[in-house]
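Engineer: Prediction below, plus the sequence it came from.
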Amino acid sequence: MTTIFILMVLILIFVKSPFGKGLIGESLVNLAIAFRLNKNEYQLFKNVTIPTKDGTTQIDHIIVSKYGIFVIETKNMKGWIFGDKNQKTWTQKIYKYTNKFQNPLHQNYKHVKTLESLLNINKDKIFSVITFVGDSTFKTEMPDNVTYTGGFINFINSKKVKLFSEQEIMNINSLIDTKRLSQKFKTNLKHVQNLKNIVPAF
């Protein structure tokens, strides 16, 4: 019984931790992509760490298709969410608890700009997408690219104009594969250390 209790406590701590919440959120997004997007048309890259001038940037999900490149930032949060696309911080409220967090649109801005530079692609062909998972509710009007879990799929599917040829898609996929850092613990640790030195772009 003691071992089971300790294991349950450890699992609870993991689930409540920022790392655990992030991992669960990304897993839910992975499932939505796997079941609701055609693998023949949409290429998924997960947990992509790319070197930048001031260190590294880590992108939850990149989806490459002939309809554009979608850069997805996942937030696993609960409660009421208040925010505006131009605000530096948004607000999470759970009863009397209030938490300020960085505007995820601003957070994803660097990811988009990094890919824009890396791939030498016009910004109009790269789409920033924010998806919230967990028991959260938007209490202010959000842009179309800020969604709940399944909503980001609808946003992606709404893009129907062909922007890339098959050869261009192959070149993009190859560049991402070549330039991304290996998915190792050391890479993640280095990225966390680099975050301490990042100056917000807004």
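Structural biologist: Thanks, I have the structure now.

Engineer: Report the beta-bridge partners for the most centrally placed residue in the chain.
Structural biologist: Centroid-nearest residue in the chain: E73, 1.9 Å away (criterion: Cα atoms, centre = their mean). With DSSP bridges as the criterion, E73 is bridged to I130.

Engineer: Is it in contact with N108, as I believe?
Structural biologist: Yes - in terms of Cβ atoms under 8 Å, E73 counts as a neighbour of N108; the distance is 4.3 Å. Quick note: C-beta positions are derived from backbone N, CA and C, even for glycine.

Engineer: overlap in contacts of the two?
Structural biologist: S128, V129, I130 (Cβ atoms under 8 Å, 6 or more residues apart in numbering).

Engineer: From T137, how far out is the second one?
Structural biologist: So the one you mean is V129. From V129 over to T137 the distance is 19 Å, taken as Cβ to Cβ, to the nearest Å.

Engineer: In terms of packing, which of these two has more residues around it?
Structural biologist: When neighbours are counted by other Cβ atoms under 10 Å, V129 comes out ahead of the other of V129 and T137, with 26 against 11.

Engineer: check contacts around the more buried one.
Structural biologist: With Cβ under 8 Å, 6+ apart, V129 has these contacts: F70, V71, I72, E73, N108, N145, T147, F152, F155, I156.

Engineer: again, 7 Å this time
Structural biologist: F70, V71, I72, N145, F152, F155 (Cβ atoms under 7 Å, 6 or more residues apart in numbering).

Engineer: Most widely separated two among those residues?
Structural biologist: Farthest pair in the contacts of V129 (Cβ to Cβ) is V71 and F155. Separation: 11.9 Å.

Engineer: Name the residue in the two with the higher neighbour count.
Structural biologist: V71 (25 against 19).

Engineer: distance of the residue lying closest to V146 once chain neighbours are set aside from Q43?
Structural biologist: Using Cβ to Cβ, 6 or more residues apart in numbering and skipping residues adjacent in sequence, the residue nearest V146 is I130, 4.5 Å away. For I130, the distance to Q43 equals 21 Å [Cβ to Cβ].

Engineer: Who has more neighbours out of the two?
Structural biologist: A direct count of neighbours by other Cβ under 10 Å for I130 and Q43 places I130 higher, at 23 against 17.

Engineer: The more buried one touches Y109, doesn't it?
Structural biologist: No - checked against Cβ atoms under 7 Å, the pair I130 and Y109 is beyond contact range at 11.0 Å.
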